[in-house]
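# how does the following fold in three dimensions:
(3 chains)
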Amino acid sequence: MKFGILVNEGPYQHQASDSAYQFAVAALAKGHGIYRVFFYNDGVNNANKLTEPPQDDRNVTRQWSALAAAHDIDLVVCVAAALRRGIKNELLAPGFHISGLGQLIQAGIEADRLVVFGD
Amino acid sequence: MAVLHTTNKSPLQTRDLESCLRLSRPGCGVLLIEDAVYGALAAGTTAATLTEAARQRRIYVLGPDLAARGFTAEQLIPGVEVVDYGGFVDLAVEYHHVQAWI
Amino acid sequence: MSEEREGGAGQVKRFMIVNRKAPYGTIYALESLEVVLIGAAFDQDVSLVFLDDGVYQLKKGQRTQGIGQKNFSSTYRALADYDVEKLYVERESLEARGLTVDDLLVPVEVLGSAELGALMERQDVVLAF
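As a prediction, this is how the structure comes out:
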């Protein structure tokens, strides 16, 4: 089955991005595909490569980048939400790219299930 | 066409679970994740509501979130199923679509 | 289940956007509205639901000058121009807030929880913000 995932919150403040990541890892482990992960609202902050959590904490952004590299997952950051929050191309961690909200609708159309994580 | 509903906030703090139960239909599934897992504890004041809801719905609790918060399956109301993230994925496949009560 | 559009130009799915949060205190209402407009441009079967504090998004007479935010409530009136015509409000949410349809700035269909729940079940994709 193909999953689409929507992440509506940034890293650390809320558990949403962690939950979405764990869900994605579990789905892949079961042989499912991730059609796209779409980052919206404050979720666009997950793409910020300058995030630097303490050494003993997980790096949410780096986790997403690594997952995208290992499984060729499309990590899309909403352009309008990103610009509003100062997230521009030069700030994007590997694997993330900026595109329009249409990519969210497309994920809804193409994926078998769209699972939303937010707060 | 049954729906898997997810809710992530403590029902002692917000009314998301209440709305989810008001609008969800018999035969659906309700998965409690993140802070919502507190709602399924037998000792809490929401136990009765959830026990009643469970008569016509399947109630699931995300085990890793429960464990992270210092509780075990034995402390939940009877009839609740504890799943891991793989189980969450299976439920998402099993039900027709997933609706988040965020 | 989704169905193929006549002519096979593409899939049409039933998208429901569920609004449960009041405007201005958080950005969710505004960014949800942006999704609605895009969804309509994709020729999908888009419906909007307002329940819980989400019904406050449709309150008439919003004046935002004093808080320094853009008043986006007029956009709800423009939805019909985008062929978004399915707006549903939960009766219980309205009543709990002492509101009636006369307080709302657009025509909506008011449904009880049971009917609305049944409608939610008939969707393919439910987006919540």
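# all helices for chain C, in order.
Under the criterion DSSP state H, chain C contains helices at C:28-41, C:74-78, C:91-96, C:113-121.
# for these, give me CSV that also has distance to chain A and mean pLDDT.
C-beta here means a position set from N, CA and C on the backbone, and glycine is covered the same way. CSV is the format used below for these (distance: least, CB to the nearest CB, whole Å; pLDDT from 0 to 100):
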stretch, distance to chain A, mean pLDDT
helix C:28-41, 4, 93
helix C:74-78, 14, 95
helix C:91-96, 19, 98
helix C:113-121, 14, 97
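# and these, which is most packed in?
helix C:28-41 (a mean of 21; mean count of other CB atoms under 10 Å in any protein chain shown).
# and it, what does it pack onto?
In this structure, helix C:28-41 packs against helix A:102-110, strand C:14-19, strand C:45-50, helix C:74-78, with contacts taken as 3 or more CB pairs under 8 Å, 6 or more residues apart in numbering or on different chains; DSSP states H and E.
# just the buried residues of the lengthiest helix in chain A, please?
Determined from DSSP H, the single longest helix within chain A is helix A:16-29. Using 16 or more other CB atoms under 10 Å in any protein chain shown as the test for burial, helix A:16-29 gives A:16-28.
# restricting to C-alpha, output that helix in CSV.
Provided in CSV are the C-alpha atoms of helix A:16-29 (Å, rounded to 0.1, in the frame of the first residue of the first chain):
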residue,chain,number,x,y,z
ALA,A,16,3.7,15.1,15.7
SER,A,17,6.9,14.9,13.6
ASP,A,18,8.3,12.1,15.7
SER,A,19,5.1,10.1,15.5
ALA,A,20,4.9,10.6,11.7
TYR,A,21,8.6,9.4,11.4
GLN,A,22,7.9,6.3,13.5
PHE,A,23,4.9,5.6,11.4
ALA,A,24,6.8,6.0,8.2
VAL,A,25,9.6,3.7,9.5
ALA,A,26,7.1,1.0,10.5
ALA,A,27,5.2,1.3,7.2
LEU,A,28,8.5,0.8,5.2
ALA,A,29,9.5,-2.2,7.5
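# flag every buried residue along the least confident helix or strand in chain B by mean pLDDT.
Here the helix or strand of chain B ranked lowest by mean pLDDT, DSSP states H and E is helix B:47-53, holding a mean of 95. For helix B:47-53, the neighbour count (16+ other CB under 10 Å) marks B:A47, B:T49, B:L50, B:T51, B:A53 as buried.
# measure how far stretch A:96-112 is from the centre of its chain, please.
How far stretch A:96-112 lies from its chain's middle: 11 Å, per CA atoms, centre = their mean, to the nearest Å.
# do that stretch and chain C meet at all?
Yes. Using CB under 8 Å from any CB of the partner chain, we find that stretch A:96-112 touches chain C at A:G100, A:L101, A:G102, A:L104, A:I105, A:Q106, A:G108, A:I109.
# how long is that stretch end to end?
In stretch A:96-112, first residue to last residue: 22 Å (CA to CA, to the nearest Å).
# stretch C:105-124 too?
Stretch C:105-124 has an end-to-end distance of 28 Å (criterion: CA to CA).
# ditto for stretch A:49-65
Taking CA to CA, the first and last residues of stretch A:49-65 lie 10 Å apart.
# residues of that stretch that come out buried?
Of the residues in stretch A:49-65, A:T51, A:N59, A:V60, A:T61, A:Q63, A:W64, A:S65 count as buried by neighbour count, 16+ other CB under 10 Å.
# one step back: chain B next: which of the buried residues of helix A:16-29 are close?
Of the residues in these, proximity to chain B by CB under 8 Å from any CB holds for A:A16, A:S19, A:Q22, A:F23, A:V25, A:A26, A:A27.
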